[in-house]
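Visitor: coordinates for the following, if possible.
(2 chains)
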Amino acid sequence: MSEINRRKFLANSAGVAAAATVGAGSAIWAPFVQAQPLSFKPEKGAKLRVLRWSRFVQGDIDAYMINVKKFTEKTGIEVRVDNEGWEDVRPKAAVAANTGAGPDIILSTNDDANLYPEKLLDVTDLATYLGKKYGGWYPACEAYLRPDGKKWIGIGLGAAGAMLVYRQSMVKAAGFDTFPKDTTNFLKLLKALKEKNTPSGFALGNATGDGLWTNWLIWSHGGKLVDANNKVVIDSPETIQALEYAKEMYATFVPGTLSWLDPNNNKAFLDSQISLTNNGISIYYATKTSADQKVKDLKEDIFHAQYPIGPVGVPTESHLFFNQMIMKYTKYPNAAKEFLRFMMEQEQFDPWLTAAGGYIAPPLAEYAKSAIWTSDPKHTPYRDCVKNLRPAGYAGKLGYASAGAAADFIVVNMVAEAASGSKTPKEAAERAQKRAERYYKV
Amino acid sequence: MFDKLQNSRNALGLIFMMPAAILLVLFLTYPLGLGVWLGFTDAKVGRAGEWVGFENYVFLATDSVTQLALFNTLFYTTIASVLKFFLGLWLALLLNRNLRLKSFFRAVILLPYIVPTALSAIAFWWLFDAQFSVISWVLVKMGIIDTYIDFLGSPWNARFSVIAANVWRGVPFVAITLLAGLQTISPSYYEASAIDGATPWQQFRYVTLPLLTPIIAVVMTFSVLFTFTDFQLIYVITRGGPLNATHLMATLSFQRAISGGALGEGAAISIAMVPFLLAAIMFSYFGLQRRVWQQGGGDK
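Guide: Down below sits the predicted model:
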């Protein structure tokens, strides 16, 4: 996601900003650029197998399967959908890609498509069509799925956003009427919350999802794992500055965050032990679906906010990105493309987005207008997660190195070491530099 | 021809051996060989690698996380095995007495071993939770401590916490196996030693222990092997955290190979465990087994 890409994106999709500000009174789903209708003629006797990550919220899979059924009814193509935990999709997809056998379509996460780009079907025609019809792809989609700036190797599906989840009453009691928008005031809020004995808590254990806030922390201060040429540059003054900030943050946390894995902050938040954390919309979702009155009562008091902007001056968010890949070995490339086209069209995509309850942020600008983002104002902060997303391998190229470095918790460990004081910020950064260099050695 | 085959001891032996041999080669030798090979390549998940010689091992030797994982593994194995041995032996001696409800206790003692590890690990994860630990809750209610214990949040606490979970799970195996060993010791030895005026300690030291040593050797070899290669407990309770303080070789190998995609490096970490495991087996075989034969005068 270099500067060039961002400019190119703006040029390609002039009017994204304008579209985003279109009022509710206008015709919401009028395609804003007249796109030529596109459809692919499925091969005779085509059958499809889809491997996707297991739902995070029930609404997602229910709506997805309704769409799949609609597709089968319309085209007569039988579609089998297999579900796997999202972390298990990665090895399976890699093996399928490299042995040339397995599902025709794989819904995977983050930089998976960048591990074997040559094994994936070129979907430039479909991506271009969807981009034109639905207001343009956000830059992160291009970074992940159009690595050479020309050919699309997959279709973006969205991202499970991680945002700041807070108790409004506690933030107000700490003296903040509105949620801080910059890192300086954010730290003040954390300190005030601690003083009021309603501390915050952010996971610092080896948590695959909830550890992503550490990327925001480093990027917001101008640090990054690698530069655009994949040279490791994590040991930098900006990183040190971010780690000093992390130390101050950590001092305000509830005890025990070094051991926190993905579920811990949800549990602590729903038990009112913390006032603020980073999470998907699932905590809020839980207050709506829980049978426990104590949890239900939290619903009115829970609010969401975007991550504060750091010294770099732009949003620097890190979320779990979802993509859709068609494997080159598929016997039915047209049927597969038609399936993805069908699923991404507004008639199917919008109901799916809505059923996911705000859990999934859209990859195409037009879908930011979906009613799900305004039907409950608390959904709104999650709307722009793909828009503000930086890939975990920022600012370098994505591939085995970025995937490996992320899976090895290099950044999370560095922040945890510095924050807890087990290492000085300088030592922690040096260690991360050394560990990352191993992955980026080629 | 068939008759000839039927009468040939060698041919028959070979045929009868085949099923077992095929299973062993297919499911043990081949994967192990493949693992060794992968350790010398830069294979990624799903992508065949190229031969890189000892590069993975050279890197791992200097990698601070691997060094820490090796230390953690040795520490975890040593402490947990020693505790499991003494607690298991103690339990076995108790159960060997004529207690009331003897069979009931013997059955109950096996429970921790029967519960699937992943489930008991989740239970421990709650027990050690920074916010919801029932242990901390009880201690706070009793007024013994003021703040919750950070079981998994500080490196040393976390190490001892996972060791406690491992010991809880592993003791029944040691206890029941040693109990089986104890029951093979003929009561006449105890009667004879009692007539000679031996104290209970002397009976234990000079009758029980020597006769139990072969079983101890076997059970402790297995126990050490299981502990050294432990994965599930750590993966569920800490995922190797905090600050990699509880990463074992097995969990690190998985993290690097499967999550991280560096299959070659992960395989190298696994293979690096083999010398330690071999050493444990050798120690038990030559150190413990032979001594018993020597004491019994039966060493060939």
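Visitor: for the rest of this, base every contact and every neighbour count on C-alpha atoms.
Guide: Noted.
Visitor: enumerate every residue touching residue A:432.
Guide: Neighbour list for residue A:432: A:234-235, A:410-411, A:414 [criterion: Cα atoms under 8 Å, 6 or more residues apart in numbering or on different chains].
Visitor: could you say which helix or strand holds it?
Guide: Using DSSP states H and E, residue A:432 falls within helix A:425-439.
Visitor: quick check: buried residues in that helix?
Guide: A:425-437, A:439 (16 or more other Cα atoms under 10 Å in any protein chain shown).
Visitor: and the furthest pair within the residues you listed?
Guide: Spanning the widest gap among those are A:425 and A:439, at 21.5 Å by Cα to Cα.
Visitor: strands of the stretch 101-250 of chain A, residue ranges please.
Guide: Here the stretch 101-250 of chain A has its strands, by DSSP state E, counting those that start in this stretch, at A:105-109, A:155-160, A:163-167.
Visitor: which strands or helices does the last one pack on?
Guide: Which is strand A:163-167. Using 3 or more Cα pairs under 8 Å, 6 or more residues apart in numbering or on different chains; DSSP states H and E as the contact criterion, the secondary-structure elements in contact with strand A:163-167 are strand A:276-279, strand A:302-305.
Visitor: mean confidence score for the last one?
Guide: Meaning strand A:302-305. When pLDDT is averaged over strand A:302-305, the result is 96.
Visitor: same question for the first one.
Guide: Averaged across strand A:276-279, the pLDDT comes to 96.
Visitor: distance from that strand to the middle of the chain?
Guide: Taking Cα atoms, centre = their mean, to the nearest Å, one finds the center of strand A:276-279 at 15 Å from the center of the full chain.
Visitor: after it, which helix or strand is next? Please name it.
Guide: helix A:282-289.
Visitor: coming back round to it: so can I have CSV of the helices and strands packed on strand A:163-167 showing distance to chain B and mean neighbour count?
Guide: Listed next are the helices and strands packed on strand A:163-167 as CSV, based on distance: least, Cα to the nearest Cα, whole Å; neighbours: other Cα atoms under 10 Å in any protein chain shown:
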stretch, distance to chain B, mean neighbour count
strand A:276-279, 15, 27
strand A:302-305, 20, 21
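Visitor: is it possible to get CSV of these that adds distance to residue A:166?
Guide: Below are those laid out as CSV (distance: least, Cα to Cα, whole Å):
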stretch, distance to residue A:166
strand A:276-279, 4
strand A:302-305, 5
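Visitor: and the residue minimising distance to the centre of chain B, how far from chain A?
Guide: With distances taken as Cα atoms, centre = their mean, the residue of chain B nearest its centroid is residue B:226 (2.2 Å). Between residue B:226 and chain A the distance is 24 Å, computed by Cα to the nearest Cα, to the nearest Å.
Visitor: pLDDT (mean, whole number) over the host helix or strand of that residue?
Guide: With elements taken from DSSP H and E, the one containing residue B:226 is helix B:209-228. Helix B:209-228 shows an average pLDDT of 90 in the prediction.
Visitor: likewise stretch A:99-116?
Guide: The predicted confidence, averaged over stretch A:99-116, sits at 93.
Visitor: start to end distance for stretch A:149-157?
Guide: Chord length of stretch A:149-157, first to last residue, is 19 Å (Cα to Cα, to the nearest Å).
Visitor: likewise stretch A:356-365?
Guide: Criterion Cα to Cα; first-to-last residue distance in stretch A:356-365 is 18 Å.
Visitor: for residue B:22, find the nearest of the strands of the stretch 101-250 of chain A.
Guide: Scanning these with Cα to Cα as the criterion, the closest one proves to be strand A:105-109, at 36.0 Å.
Visitor: how big is the angle separating the closest one from strand A:155-160?
Guide: For strand A:105-109 against strand A:155-160, the angle by axes from the mean of the first three to the mean of the last three Cα atoms, to 10 degrees is 40 degrees.
Visitor: can I get strand A:105-109 in CSV, CA atoms only?
Guide: Listed in CSV are the C-alpha atoms of strand A:105-109, where the atom choice follows Å, rounded to 0.1, in the frame of the first residue of the first chain:
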residue,chain,number,x,y,z
ILE,A,105,-12.8,-21.5,-4.1
ILE,A,106,-11.1,-20.7,-0.8
LEU,A,107,-12.1,-17.9,1.6
SER,A,108,-8.9,-17.2,3.5
THR,A,109,-7.3,-14.5,5.6
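Visitor: right, and the helix or strand after the worst-scoring helix or strand of chain A on mean pLDDT?
Guide: Each helix and strand of chain A was given a mean pLDDT (mean pLDDT, DSSP states H and E); the minimum falls on helix A:16-20 at a mean of 41. Elements were assigned by DSSP H and E; along the chain past helix A:16-20, the next helix or strand is strand A:47-53.
Visitor: what comes into contact with the next helix or strand after that following strand?
Guide: Sequence-wise, the next helix or strand beyond strand A:47-53 is helix A:58-75, with elements assigned using DSSP H and E. In this structure, residues lying in contact with helix A:58-75 by Cα under 8 Å, 6+ apart are A:54-55, A:77-79, A:339, A:342-343, A:348, A:351-353, A:355-357.
Visitor: mind checking which of those are in strands?
Guide: Members of the contacts of helix A:58-75 lying in strands (criterion: DSSP state E): A:78-79.
Visitor: quick one, which of the contacts of helix A:58-75 are buried?
Guide: For those, a neighbour count by 16+ other Cα under 10 Å gives the buried set as A:54-55, A:77-79, A:339, A:342-343, A:348, A:351-353, A:355-357.
Visitor: farthest-separated two in those residues?
Guide: Pairwise distances among those were taken by Cα to Cα; the largest, 28.6 Å, belongs to A:77 and A:357.
Visitor: which parts of chain A sit against chain B?
Guide: When proximity is defined by Cα under 8 Å from any Cα of the partner chain, chain A lies next to chain B at A:87, A:90-91, A:94-99, A:204-207, A:255-261, A:268, A:273, A:400, A:403-408, A:413, A:416-417, A:435.
Visitor: and those, which are buried?
Guide: Using 16+ other Cα under 10 Å, the buried ones in these are A:90-91, A:94-98, A:204-207, A:255-261, A:268, A:273, A:400, A:403-408, A:413, A:416-417, A:435.
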